[in-house]
Structures are given as structure tokens and as C-alpha cells.
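In: build the 3D model from these lines:
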Amino acid sequence: MRATIKDIAKQAGVSITTVSLVLNGKAYKIPDQTKKIVLDTARELNYTPNQMAVGLVKKRSQTIGLIVPNISNTYFATMALGVDEACRKYGNALMLCNSGDQHKLDLEYITRLAGQGCDGVIFIMANDSDDAACKESLQMLHDLKLPFVMLDRFIIKKGCPSIIVDHVKGGELVTRHLLELGHRRIGCVVGPEHLVDARQRYEGYVKAMKEADVDVDPELVIHGDYSREGGYEAAKILLDRQATAIFASNDMSALGVMQYLEEQKARVPEDISVVGYDDIMFASLLKVPLTTIHQPIYEMGVEAVQQLMRQINQEEYEKGAVVFEPELVIRESTAKYTGE
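Out: Coordinates of the predicted model:
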């Protein structure tokens, strides 16, 4: 049977009020020795607070919802880890929802999390969310009066709290690196066109090419979907069109690119250089370690929780975007173009 504060009070020889003040961190005028007795007794009786009762009093459930597109993708798994560990530091439980990259499930999960009394939601949108779908999700969050933070994928909207990376700069860093190595026929596997982060990475690619007075060849720009399969299919086209380097807009696409190149006996980087984006765990573990853009994925998850908790606690929080800086990580998958 669950121990109560009445049981603690009886065994410790103090009042119920004293126990309540100690357990809630409000025992400012209670002697340290008495506080120690209460806490020791609580541990001895294996006391745990009734969270439903606490929630009724504080009007909080002490749960946070996290909606992710694909938890099997190590990028989102690492981000979720940052969210989970930050939640625990705030004394919150995490409710994880996997949308399978389907907007209709985003809406279903938002409704469900609100119905279960979540204090707030951290939201990574599904891959199939175009601008209209994004606005629909945001409108639902507003209508349900749920505090929320958009994480990673987002739409540009004034006053929308979000945690992002400067993807234009990331695309520039990748492309400049390949240009400095002497590559000019640089293929680009672009992410889903309706996602802002994919458009921005491509924007960075175009910007760097123009600054180097290199024309962007439309035949070397392939629209993918951030998947391994999409990267594999794009590599078929780009290898046939004699690209000397390939910028895949995420590491999963890069994995597909490298898989196809290996099957075709095209050597990386001797015959063709490959760059990814995200720096997920496997990037450094491939047979040819992948040059990529490092995003502080874990730290972004932590920051999302911090911004959400400020909202929930009605403290000052960032009402626009918190922008993290990308970093180019050079490994063995890129090399100077020799023209051979």
C-alpha cells in the first residue's frame, strides 16, 4: 500500500503540515534536523507523491509531449534523447509520439496530447507537411492553448517559438569546401521542396556556386526526400551525368549515395567526393567516414525543453527562432579534384 504524508508524519513524530512543507521544498523555518528526519522517513517508507493529486493542486500534469517524424532515424533519436534528459531535470515525464512522417498523425497526436493534459508540446513536423499543413498544425496548437516549441522543421512565422540551425550557412560551407577542392560539377540531392530547411540548404549551395562564378547546372540538381532510397536513386542520375562531387542534403541520403557508388565500383573520394548533412552517429563509422555538416542535435533538444518550460512557467522566453550554428566536419569522403 502506498505510503502517505500522514504515515510519514506519524512515524517521524511531526505534523502533517511539517511533512508537506519539507517535501515541497518550502520548509524555510523548519530546523535542518527535523527536515532530515522527515526526508529519511520518506525514503524508509518508499514514499512517492501521487502525481495525479499533485497535478490537480498545481494544475500541471508534469508531462511534456514530443512529436517526432521517424524515431528510427538516429538524427531524431538523438534529438529525442536531449529532450528526454532535459525533461527529467525539470521533473517531467516525456510522452513520445512517432508520426511516421504523416501530417494527419501530427494532428491526431496534438489532439491526444492535449486531451491527456500535457503541459506543452515539442513538435517536429512530418515530412509531408506543406505550408498549408504546417499552418493547420499551428492553428490547432493555438486553438487548444497548448504551449509549444517547433523543433528542427518549421515554417517561417513571426512569433512562432522554434529551435533551428542556420541551414543557408550549412549549405554554403559544404559547397565552398567542394569548390576549394577544385570541383565544379557538384551534384546536389535536395530535400523535400516544401520543407524550409531543405530549401535553405539548397539556397546555400546556389549562393556559394554563384560567389565562385560557377553556373548551377539544373541537370545536377536532384530533388529527393531525405531518405536512403532517395539518395540511392539520385546517385544513379548524378553518376551518369558525370558529377565529380555530390552534396546530399542529409546523412541518410548520403548513405544511399555511397551505397550506389560502391555497387558501381566508383571509389569515394578518388573518383567522386560525397558530403552529407547532420553528422549523425554512423557518419564517422562508415568504411569511408563521411564529410558532413554537424548540427548540435542533442543541444537543440535541450534548448527546446528550456524554452517550453519558460512558457509553461510564464517566464520570459524567445518568441521567435533560436538559431544554432552549423559546423563543417571534414573526413575522408572528400578529396581534391584531379581531373583524372
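In: residue 35 in helix, strand or coil?
Out: Secondary structure, DSSP: H, G, I helix; E, B strand; the rest coil: residue 35 is helix.
In: swap in residue 163?
Out: Under three-state DSSP, residue 163 comes out as strand.
In: tell me the contacts of it?
Out: Residues near residue 163 by Cβ atoms under 8 Å, 6 or more residues apart in numbering: 149, 150, 151, 152, 300, 303, 304, 307, 321, 322, 324. For glycine as for every other residue, the C-beta is placed from the backbone atoms N, C-alpha and C.
In: one more time with 6 Å
Out: Counting by Cβ atoms under 6 Å, 6 or more residues apart in numbering, residue 163 touches 151, 300, 303, 304, 322.
In: which of those fall in helices?
Out: Of those, the ones assigned to helices by DSSP state H are 300, 303, 304.
In: that older thread, give me the buried entries from the contacts of residue 163.
Out: 151, 300, 303, 304, 322 (16 or more other Cβ atoms under 10 Å).
In: what about the last one, distance to residue 125?
Out: Meaning residue 322. 17 Å (Cβ to Cβ, to the nearest Å).
In: grab the nearest non-local neighbour of residue 133.
Out: For residue 133, ignoring the flanking residues on the chain, the nearest one in space by Cβ to Cβ, 6 or more residues apart in numbering is residue 103 at 4.4 Å.
In: again with residue 81
Out: residue 298 (6.3 Å).
In: what are the boundaries of the strands in this protein?
Out: Assigned by DSSP state E, the strands in the chain fall at 63-68, 93-98, 120-123, 148-151, 162-165, 186-190, 221-223, 245-248, 273-275, 292-294, 321-324, 327-329.
In: still on that earlier bit, pull the most distant pair out of the buried ones among the contacts of residue 163.
Out: 151 and 322 (10.0 Å; Cβ to Cβ).
In: which residues touch the residue nearest to the spatial centre of the chain?
Out: By Cα atoms, centre = their mean, the chain has its centre lying nearest to residue 79, at 4.2 Å. Residues near residue 79 by Cβ under 6 Å, 6+ apart: 297, 301.
In: 10 Å instead, please
Out: 66, 68, 71, 73, 122, 124, 151-152, 163, 295, 297-302, 304 (Cβ atoms under 10 Å, 6 or more residues apart in numbering).
In: narrow those residues to those that are buried.
Out: For the contacts of residue 79, buried by 16+ other Cβ under 10 Å: 66, 68, 71, 73, 122, 124, 151-152, 163, 295, 297-298, 300-302, 304.
In: got any ranges where this structure has weak pLDDT?
Out: 1, 25-28, 48-60, 154-159, 340 (pLDDT under 70).
In: so which residues of it form helices?
Out: So, for the chain - with DSSP H - the helices run 5-12, 16-23, 32-44, 51-58, 74-89, 103-115, 131-143, 167-180, 196-211, 228-240, 251-263, 297-312.
In: take these and write them to JSON lines, including distance to residue 334.
Out: Converted to JSON lines, the helices of the chain look like this (distance: least, Cβ to Cβ, whole Å):
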{"stretch": "helix 5-12", "distance to residue 334": "63"}
{"stretch": "helix 16-23", "distance to residue 334": "58"}
{"stretch": "helix 32-44", "distance to residue 334": "56"}
{"stretch": "helix 51-58", "distance to residue 334": "51"}
{"stretch": "helix 74-89", "distance to residue 334": "21"}
{"stretch": "helix 103-115", "distance to residue 334": "36"}
{"stretch": "helix 131-143", "distance to residue 334": "34"}
{"stretch": "helix 167-180", "distance to residue 334": "7"}
{"stretch": "helix 196-211", "distance to residue 334": "15"}
{"stretch": "helix 228-240", "distance to residue 334": "15"}
{"stretch": "helix 251-263", "distance to residue 334": "11"}
{"stretch": "helix 297-312", "distance to residue 334": "22"}
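In: nearest to residue 287, out of these?
Out: Using Cβ to Cβ, those put helix 251-263 closest to residue 287, at 8.0 Å.
In: list just the nearest of the buried ones among the contacts of residue 79 to residue 262.
Out: Set against residue 262, the nearest of these by Cβ to Cβ is residue 73 (21.5 Å).
In: cross-check the contact I'm expecting between the closest one and residue 255.
Out: No: Residue 73 lies out of contact with residue 255 (Cβ atoms under 10 Å); the separation is 11.0 Å.
In: distance of the closest residue to residue 236 other than its chain neighbours from residue 231?
Out: Distances taken as Cβ to Cβ, 6+ apart put residue 260 closest to residue 236, at 6.1 Å, once the chain neighbours are dropped. For residue 260, the distance to residue 231 (Cβ to Cβ) stands at 8 Å.
In: overlap of the contact sets of these two?
Out: Shared contacts of residue 260 and residue 231, defined by Cβ under 10 Å, 6+ apart, are found at residue 238.
In: neighbour count winner among those two?
Out: Neighbours per residue, other Cβ atoms under 10 Å: of residue 260 and residue 231, the larger number sits with residue 231, 30 against 17.
In: for the nearest residue to that one once chain neighbours are set aside, what are its contacts?
Out: Nearest non-adjacent residue to residue 231, counting by Cβ to Cβ, 6+ apart: residue 256, 2.9 Å away. Neighbour list for residue 256: 189, 224, 227, 228, 229, 230, 231, 232, 233, 234, 235, 248 [criterion: Cβ under 10 Å, 6+ apart].
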